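Colleague: Sequence and predicted structure below; questions after.
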Amino acid sequence: MDSFQQYGINLFGTTSAGEILFDSDGDIMLNRGAVLVLTDIPASSFQLQLLKMDNFTQDVFGKEAGEIIKQRFKEPSVLTSFSGLGKNIQAVIDNILIKTRSQLKMYGCLAGDDLKLEKALVFTEKEITDCGAIFLILDDEKIGLNGMTTSGWNGLGTDFTVTHSEENVVSEIDNIPALDFYVNYLNILEEDLPMIGLEYPLMIKHQDGTFSLRAINKIDKEKRSLIFSSSIKSGTVFSFSASPGFEILEKTREKVIAFYEKNQSADLMFLYSAVARQLATGPLINTEIKLAAIKWRVPLVGCFNYGEIAKDNDQPSKFYNQSFTLALLTEKPAPSL
Amino acid sequence: MKKILQSLEEKINQIGKTSHPDKLRYEALEDLERLKSEISIIDFQVSKGLKDKNILNSLLAKTSENLENALKNLRNQKDELKILLDTLPALVYFKDSQLRYHLANRAFLDFSGITQKELEGKKLKEVFKSYLPIGDYENLEESVIEKGKFFFNVEEQLEKNGNIIWVHTNIAPVRNHTGKIIGLIGVSWDITDQKKYEDELKYSKEIAEEGEKIKDRFLTNMSHELRTPLNGIMGMAEILGKTNLDNKQQEYLKNLRNSGEHLISIINDIFTYSSLEKEEVKPIQKAFNTSELLQNTAQNFKEKLLEKSLKSVIDLDKSIPETIKGDPQLLGLILRNLYSNAVKFTETGTITMRAVPVSRTTENELLVRFEVEDTGIGIPEQYKDILFGSFTQLDTSSTKTYQGTGLGLAISKKIVNLLKGEIGVESKWQNGSKFWFTVPLSLENLETEEILYNKQKILELLKEFSVLLVEDNLINQKITSLTLEKEGCQVNLANNGKVGFEKYQQKLYDLILMDIQMPVMDGLEATQKIREFEKSKIDRHAFIIALSANALKEDKEKAIASGMDGFLAKPFKPEELFQLLFNLIIKK
């Protein structure tokens, strides 16, 4: 961080559960070290902001972030990374969107910590926090930001109902303590959690027939509850879910090709991949990443993480689990005089 | 992987035979790398499979357990539902959206005489082959499925034994969790007994209504039959009074008039009570002079007071405004009833009529208490509670001293209730009575532009009027024409409505006095014809006054509806006719 300060370079950084780099030779590099991409964005076209959540509620935090984003540019868009396992990230996003316009483009992730699920970090060249977020606010009139997201997980077994919850903390499922319910149904050890929760998320069923995947990222052994990155209301109906294996690669391929057809221009790509995808596909994760990289053939940097943020089609920006999320950065030509 | 191994084998076998061993070695190494990659994928799949196996097995087992439990619950619910449905005495059935029977309860199967198996999957006409329910059921059910609306009906149904029963049927759409209509449920109750009871009730009601009509007809006829001769008696007495009579004859005539007036008051009481019972009387709000109301009431009994040498006192509290708003006719009726009783039951002493304010109920409303106090025989304590009942007189013996229907106080109480007031009595046996009532009177908009009745004015006008009297009764013809001619009017006669109409076509009379019940053509039809004639042929309007012995409210309404301008019940006093004509001609 000191070196970056010394050279006057702004740093937009996040810890992860694995790093991704598509190098100049056309090879995919995955490692447990660090990857770095240097980009030359005019200072007038971006603002880097780190905000610490401290004791703020997600409402206040989200609205403060939203206010900063709104004030900076007439048409802003945002690359972001959150730290703070067990925090309600979806609520923060909702509050940002209350302050900005509902169609604000946001892409990013919930930072990882190499599957320890203890402490993830986000940082700039000056500050670092394990409970907050960094925002790279872009002037959308000069730097285009666009993206897509896809999942592929399938529901398993019968439906259950959340019978007691508060915000993102689920304490009872079918009137049984949530932690006991989860451990009993999957026949796992309590010690396997929360890590195994990344692979077997709940598939939340909405009344309009759509669904969302929600992965556990923290547990409360004392209160026997499961903690997620998004609110899950009492009465929510869900089933367990699992990856169908390599089939998810096929789904990604279809979606990437369709997205490429409409968005062929890019100068830099960010890839946010749920770590669960790597756990589900093993060495074949390269295939999925390479598919995206070779389509655009521009520098690609990314990471495996515990949750993704994306704006998919006409939907507002949302928090996702188990997703393959791409964000494309494009320098827009200056308007002719 | 097999292909890679074959390729590798071929390359190793060719290494000694080729002149380019390095190239082959390089390709073999590439194959080995691919092999390693494939093996790592297989390794991953195996270890992932092992890891997932436990979890997925557990989930599968639990899901299977859940499904088994759900199935068991479903079976239990189905059994419970069947018991419940079979216990219901109503006929219950379910049909799918194609209107095929799906399920029916015991009562339905018993009613239709078929089994559940015979019923399932079949349509109405397949199930009820030998006989069909009455009514277009399939169309109704189709509309329930198409429109999703409930259907309620009471209808006749044919039982399997051919008996007709009455059923109340409800058909409702059945929707799935997405709201799509997947069928219908029908529920029918046998209401034959209830229907029978309803019919009996309806019949009883019709009988009662018919009885009520008969009563009304009787009252109308009685009114006509009593009033017509009474009109003659009173009219002739009036005329007789204008002739030279000696004292004895004057005395007889007076008795004749008293008896006639008494009879009129009895008939009037009966009709007033009947109107109040039928709630036909509607109070009006009209400004009136309080002092005049009391004075006029006492004035009506002037002769009787003189006869008994009773003193009359009127005590009007000065704080009551001279003009106030209420229904002077109804108030006058109550006061006359109370005063009449006081005169009737008092032999010596004083009758005092009083009006005092009680309180301001609102800013514009004053509660006034009217009292009629006498020094008469008073009322024993035990009778006070029944005083205001209908047809009540304290002396019920056949040789009772005091005449009357006993309706006066009942009428007064009904009117006071109608005016939102209270009525009561304070009395001691042999020590006089004080009857009182309170009514709220309005102080709002008291300015009146009342044109005071001026008999002279109307008589002057009448002298210039041509008058046609349409009347079939000879005595009534004489009385009415003599009364009017005495005031200087020229009166022509017509014996029935037809002649009356013809005469009006020949001479445009200013005033027509029209009887209602007449042979050939009644007064109502004649009036209608006259009005049609006026409308189509001439632009004028003659005043037509009904003179009828039928005094019920509906008789008046019929007369006005036929086109008449006013209504007088026979027997009438000349003064009443003049007042009516004044109101019609001069006031309007």
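Modeller: Done, it's in. Residues are numbered from 1 along each chain as shown, chains lettered A, B, ... in the order given.
Colleague: Get me the contact residues on the stretch 301-450 of chain B for chain A.
Modeller: By C-beta under 8 Å from any C-beta of the partner chain, no part of the stretch 301-450 of chain B sits against chain A. The way it works is simple: take the backbone N, C-alpha and C, and place the C-beta from them, glycine included.
Colleague: Quick check: buried residues in stretch B:505-519?
Modeller: B:509-518 (16 or more other C-beta atoms under 10 Å in any protein chain shown).
Colleague: Between all of the residues you listed, which two are at the greatest distance?
Modeller: Greatest spatial distance in these: B:Asp510 and B:Gln517, 24.4 Å, computed using C-beta to C-beta.
Colleague: Spell out which residues sit in contact with the residue nearest to B:Leu469 when sequence neighbours are not counted, please.
Modeller: Spatial nearest neighbour of B:Leu469, chain neighbours left out: B:Leu513 (4.8 Å); criterion: C-beta to C-beta, 6 or more residues apart in numbering or on different chains. Taking C-beta atoms under 8 Å, 6 or more residues apart in numbering or on different chains, we find B:Leu513 in contact with B:467-471, B:480, B:545, B:547.
Colleague: While we're on the residue of the stretch 201-337 of chain A found nearest chain B, how confident is the model there?
Modeller: Of the residues in the stretch 201-337 of chain A, the one nearest chain B is A:Gly282, at a distance of 3.3 Å by C-beta to the nearest C-beta. For A:Gly282, the pLDDT comes out at 86.
Colleague: So A:Gly152 sits against A:Ile248, correct?
Modeller: Yes - applying C-beta atoms under 8 Å, one finds A:Gly152 in contact with A:Ile248, separated by 3.3 Å.
Colleague: Could you pull out the helices in chain A for me?
Modeller: A:2-6, A:58-72, A:89-99, A:178-186, A:195-199, A:247-262, A:275-281, A:285-296 (DSSP state H).
Colleague: same question but for the stretch 351-500 of chain B, I mixed them up
Modeller: B:408-418, B:455-464, B:474-486, B:497-506 (DSSP state H, counting those that start in this stretch).
Colleague: Tell me which residues touch the nearest residue to A:Tyr306 once chain neighbours are set aside, please.
Modeller: Spatially, and ignoring its direct neighbours in sequence, A:Tyr306 is nearest to A:Leu110 (4.6 Å; C-beta to C-beta, 6+ apart). Taking C-beta under 8 Å, 6+ apart, we find A:Leu110 in contact with A:81-83, A:85, A:89, A:120, A:217, A:229, A:305-309, A:319.
Colleague: Just give the closest residue to B:Asp555, not the sequence neighbours.
Modeller: Counting by C-beta to C-beta, 6+ apart, the residue nearest B:Asp555 is B:Ser548, at 6.0 Å.
Colleague: Does that neighbour touch B:Gln517 like I think?
Modeller: Yes - assessed by C-beta under 8 Å, B:Ser548 is found in contact with B:Gln517 at 7.3 Å.
Colleague: Report how many residues lie close to the residue nearest to A:Cys303 when sequence neighbours are not counted.
Modeller: Excluding its sequence neighbours, the residue lying closest to A:Cys303 (C-beta to C-beta, 6+ apart) is A:Ser16, at 3.4 Å. Residues lying near A:Ser16 (other C-beta atoms under 10 Å in any protein chain shown) number 27.
Colleague: And the one 4 residues further on, by the same measure?
Modeller: Burial measure for A:Ile20: 25 neighbouring residues, criterion other C-beta under 10 Å.
Colleague: The residue nearest to it when sequence neighbours are not counted: what's it in contact with?
Modeller: In space, and not counting its chain neighbours, A:Ile20 is closest to A:Gly302: 3.9 Å by C-beta to C-beta, 6+ apart. Applying C-beta under 8 Å, 6+ apart to A:Gly302 gives the contacts A:19-21, A:269-273, A:289.
Colleague: Residues of chain A that sit close to chain B?
Modeller: Going by C-beta under 8 Å from any C-beta, the residues of chain A near chain B are A:156-158, A:184-188, A:196, A:200, A:240, A:242, A:245, A:280, A:282-284.
Colleague: Need the contacts of B:Leu513 in a markdown table (columns: neighbour count, distance to B:Val92 and pLDDT).
Modeller: Listed next are the contacts of B:Leu513 as a markdown table, based on neighbours: other C-beta atoms under 10 Å in any protein chain shown; distance: C-beta to C-beta, whole Å; pLDDT from 0 to 100:
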| residue | neighbour count | distance to B:Val92 | pLDDT |
| --- | --- | --- | --- |
| B:Val467 | 20 | 78 | 89 |
| B:Leu468 | 24 | 75 | 93 |
| B:Leu469 | 22 | 75 | 93 |
| B:Val470 | 32 | 70 | 94 |
| B:Glu471 | 25 | 72 | 91 |
| B:Thr480 | 25 | 75 | 84 |
| B:Ile545 | 20 | 68 | 92 |
| B:Leu547 | 24 | 68 | 86 |
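Colleague: which one of those residues is nearest chain A?
Modeller: Nearest to chain A among these is B:Ile545, at 77.5 Å by C-beta to the nearest C-beta.
Colleague: Find the helix or strand that that closest one is a member of.
Modeller: strand B:543-548 (DSSP states H and E).
Colleague: Report the angle between that strand and helix B:497-506.
Modeller: Counting by axes from the mean of the first three to the mean of the last three C-alpha atoms, to 10 degrees, strand B:543-548 lies at 170 degrees to helix B:497-506.
Colleague: Which of the contacts of A:Gly302 fall in strands?
Modeller: The strands, defined by DSSP state E, take in A:19-21, A:269-273 from those.
Colleague: Tally up the residues packed near the closest residue to chain A within the stretch 151-300 of chain B, please.
Modeller: Of all residues in the stretch 151-300 of chain B, B:Thr178 sits closest to chain A, at 9.1 Å by C-beta to the nearest C-beta. Other residues within reach of B:Thr178, judged by other C-beta under 10 Å, total 7.
Colleague: So it: helix, strand or coil?
Modeller: Assigned with DSSP: H, G, I helix; E, B strand; the rest coil, B:Thr178 falls in the coil class.
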